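Q: My questions are about this predicted structure, shown below with the sequence.
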Amino acid sequence: MIIDLVFNEKKTSREVARYMGLPQSTVMSVVQVFKKEHRIHKKTATGRKRRLTTAQEFQLFEMSQERDNISVDEIRRRFLQQYPEFGHISKTTIYRTLERGKKGLIGMDPPPERYLEPIERYWPKKRGRPRAGAGSESSSMNNVLEPSVSIMEESGPIETSAADKDISRQRRSLSIAEREMIISLFFNENRTIREVADFMHLAKSTVSSVVQVFKKEHRIQRKTSTGRKKKLSDEHEHMIMDILSQKEDITIEETRNRFLSLNPDVPNISKSTIYRIMENCQSKLRARSDMEVFVGIFVHSTEDNPLIIMPGMVMGVLNTKIEFMESLEELDHLKAEYGFTDSNIHYMTPSQFMMPGMIDTHIHASQFPNNGVAMDLPLLEWLQTYTFPTEANFSDTLFAREVYSKVVERLLRNGTTTAAYFGTIHLEGSKILADVVHDKGQRALIGKVNMMRNCPEYYREMSVQESIRDTEEFIRYVRSIQSPLVQPIVTPRFAPTCPEDQLASLGQLAAKYGCHIQSHLCETQPECNWVKELFPWAKSYTDVYDSMRLLSEKSVMAHCIWLTDDEIYTLRERGVGISHCPNSNVSIRSGLCDIRRLLNSGLKVGLGTDCSGGYCPSILDSMRQSLQVSNILALDRDQDYQRITYKEAFRMATLGGAKVLNMEDRIGNFEIDKEFDALLIDVSAPGSAIDIFSKDTVEDKVQKFIYTGDDRNIARVYVAGHRILDLHNKNLH
Ligand SMILES: O=c1[nH]c(=O)c2nc[nH]c2[nH]1
């Protein structure tokens, strides 16, 4: 990776060190060894080696001797007139050649051991301008420069060796070429005073005074605090892009003149600024707008392995889907094959990794106002006392929009890229939920709730006909949005609130439209007993739903704490998915669900927040609570009882959830051709509650995120390839 970043990506060793979290000396030594092994010498800014012939070097030197105050610009102009095939020669090269001339070194390669010797030897001992043409060692800038250059000598970032840093730099008068060089590096190449001083091995004060004098002479504005030249405003940058795009072969000079004539107030603009804007434009034009490429660590689950960590990978996302996932070594081949450029690539930092989006398989969007309150009653009393009155408020569509907007934003913020929502019985309010989800770019199943008994007069559907008519209209409405992400889900609340004919009609409706179905099953013992009373003919609670054709591989049943073995068997036979909601199960004391038993029986299990039975809208919390519930169950079991591992919790939150919603062919992990629903996790994000230490492995970081992370660590959220949330760009939605 170091080699790739330095030699292919043209990163400096400082950048690579920062990116990989390594000491710079380590990076530099890897680079040095590689250079030696591959005999890589000086590279030009473009990464290609290009050397002047000895004749050309002499030519340059002679030009500089013709007149006392000839400028580097003039030397360059004349040189390029003579050698038009050369195309371009940087001032640095000219400057260095002149210094080689002064040392009498033109035509000679510096002996390699010179690189190893202390630099003082070559540094002028006497003050005063070095004499041109003298072969004296004391004036050699060349020898000073050579060992200090790490990778790109001509215009790339410059780094000094450790030896350089120990040398106290002297103040002395400068040659014209040196002044030119300082001006060029500072104003055209945008180097800081320190970089220039390091590069030329001069005292910072010397460089600074040259810059100051030049600024005064040319009335150049003050620099910004970052040490860079004042950035052009976006408006000016766009203006330059416009000018560049108006004429294909426009020169930089022409661009500058046109820009300055349009903006007489702007005192100056360097050629390199225009050049940078031009490069950016071209790179953006060359970049495929339909492809995004990510480099770094990817974490996901498969059927066989609950947690796979893949460092040093490159993933390509084309439109909405994962196009490729390869080792970073393949980057160049992939660039060639797919035609993407560096501007398509997002490099993750060492504290970041990418994981699949989390999936909430059971949440009541309409209970969000009660999140974190009203936990003092058990389920059936809780419904009558708190929940039904709250849900009744959703006849008010303004209120519905207010709450639903907050719910969806909160879930996205917490990394839930897909959710199975319960709305309320209200048709209009439920349509609003679908609209909001669609607008915000989340993937979801949206349910209009069906119920018409054992609930308040003011909050119930009035007849089976009305219930089915409204539900059918709702299904058609959601389908009419034509969103590939938002689908309707048929939602009988639970058996106690739905008479047989209503359940049967809803089963038929779901079959007619090929819809998903969701409900509650075996959440509390009193509820199970009540169902026995209400449906005396049924073999079990599960059998009630099964008899009404409500169980299929597109059905999601929440809770399932009190299932008998027979019920488990039926659910598995039908391919039903189970939504495990541990926070809710403990908060309103419904029971401890033995997920190991369900998993061992071959059932599909995902996680649900079940807000507001559960008080936390984050699936991270559901993972933790599922681990706690499993630990508590283990306290009462044999030694060989297998607790849920954090890796399994991770899988339930991602791939498991996808299977429960029957979407595993589209989402849940990073298999090729799946939709790119993903989270960029940063364990060291600002304000993060996670403590990371130098000895932490990548797996430690992942585990710490699961146990101690929160929304502050979710830097970006992608759904179907779209970045719908970015911590650093809060305005995306
Ligand atoms: O946790 C639950 N929340 C509900 O809203 C509900 N309705 C029936 N059963 C339920 N369980």
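A: On my side now, so go ahead.
Q: residues touching the nearest residue to Gln642 once chain neighbours are set aside, list them.
A: Using C-beta to C-beta, 6 or more residues apart in numbering and skipping residues adjacent in sequence, the residue nearest Gln642 is Arg596, 5.6 Å away. In short, each C-beta sits where N, CA and C put it, glycine included. Contacts for Arg596 (C-beta atoms under 8 Å, 6 or more residues apart in numbering) come out as 630, 633, 641-644.
Q: Next up, identify which helix or strand Arg596 is on.
A: Using DSSP states H and E, Arg596 maps to helix 595-600.
Q: Would you map the helices across the stretch 601-733 of the chain?
A: Using DSSP state H, counting those that start in this stretch, the helices found in the stretch 601-733 of the chain span residues 619-635, 646-651, 657-660, 698-708.
Q: swap that for the stretch 251-400 of the chain, please
A: Assigned by DSSP H, counting those that start in this stretch, the helices in the stretch 251-400 of the chain fall at 252-262, 271-286, 331-338, 379-382, 388-392, 397-413.
Q: Let me have these in a markdown table, extended by mean pLDDT, distance to the ligand and mean neighbour count.
A: A markdown table is the format used below for those (pLDDT from 0 to 100; distance: least, C-beta to the nearest ligand atom, whole Å; neighbours: other C-beta atoms under 10 Å):
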| stretch | mean pLDDT | distance to the ligand | mean neighbour count |
| --- | --- | --- | --- |
| helix 252-262 | 86 | 63 | 15 |
| helix 271-286 | 71 | 50 | 15 |
| helix 331-338 | 90 | 47 | 14 |
| helix 379-382 | 98 | 6 | 18 |
| helix 388-392 | 98 | 8 | 20 |
| helix 397-413 | 98 | 14 | 19 |
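Q: if we compare these, which one ends up closest to Gly613?
A: When these are ranked by proximity to Gly613, the top entry is helix 379-382, at 7.5 Å, counting by C-beta to C-beta.
Q: Can you show me the CA trace of stretch 468-478 as CSV?
A: Taking C-alpha atoms only, stretch 468-478 is exported to CSV below (Å, rounded to 0.1, in the frame of the first residue of the first chain):
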residue,chain,number,x,y,z
ILE,A,468,-59.5,-3.6,2.8
ARG,A,469,-60.5,-0.6,0.6
ASP,A,470,-58.1,1.7,2.4
THR,A,471,-55.3,-0.8,2.5
GLU,A,472,-55.7,-1.5,-1.3
GLU,A,473,-55.6,2.2,-2.0
PHE,A,474,-52.5,2.5,0.2
ILE,A,475,-50.8,-0.3,-1.7
ARG,A,476,-51.6,1.3,-5.0
TYR,A,477,-50.5,4.7,-3.8
VAL,A,478,-47.1,3.4,-2.6
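Q: State the mean pLDDT of that stretch.
A: Here stretch 468-478 scores 98 as its mean pLDDT.
Q: Need the residues that contact that stretch.
A: 427, 430-431, 434, 446, 448, 450, 461, 486-488, 490, 505-506, 509, 513, 515.
Q: if you set the cut-off to 10 Å instead, what comes out?
A: 423, 425-428, 430-431, 433-435, 437-438, 444-450, 461, 463, 486-492, 501-502, 505-506, 508-510, 512-515 (C-beta atoms under 10 Å, 6 or more residues apart in numbering).
Q: Show me which of the residues you listed are buried.
A: Buried members of those, scored by 16 or more other C-beta atoms under 10 Å, are 423, 425-427, 430-431, 433-435, 437-438, 444-450, 461, 486-492, 502, 505-506, 509-510, 513, 515.
Q: Which of these fall within strands?
A: Taking DSSP state E, the ones among these that sit in strands are 444-447, 449-450, 486-492.
Q: show me the contacts for the closest residue to Asn713 other than its chain neighbours.
A: Residue nearest to Asn713 in three dimensions, not counting chain neighbours: Ala685, with 5.1 Å by C-beta to C-beta, 6+ apart. When contacts are counted by C-beta under 10 Å, 6+ apart, Ala685 touches 351-352, 709-715, 727-728.
Q: Same list, those, but as CSV with distance to the ligand and neighbour count please.
A: Shown next, in CSV, are the contacts of Ala685 (distance: C-beta to the nearest ligand atom, whole Å; neighbours: other C-beta atoms under 10 Å):
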residue, distance to the ligand, neighbour count
Ser351, 37, 19
Gln352, 36, 21
Gly709, 26, 23
Asp710, 24, 18
Asp711, 24, 17
Arg712, 28, 15
Asn713, 28, 25
Ile714, 26, 26
Ala715, 32, 19
Leu727, 32, 18
His728, 37, 9
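Q: What about the residue of the chain found nearest the ligand, how many residues nearby?
A: With C-beta to the nearest ligand atom, the shortest gap between the chain and the ligand falls at Gly613, namely 3.5 Å. For Gly613, the neighbour count with other C-beta atoms under 10 Å is 30.
Q: Begin at 5 from now on, thanks
A: Got it, the first residue is 5 from now on, which makes the last one we talked about Gly617.
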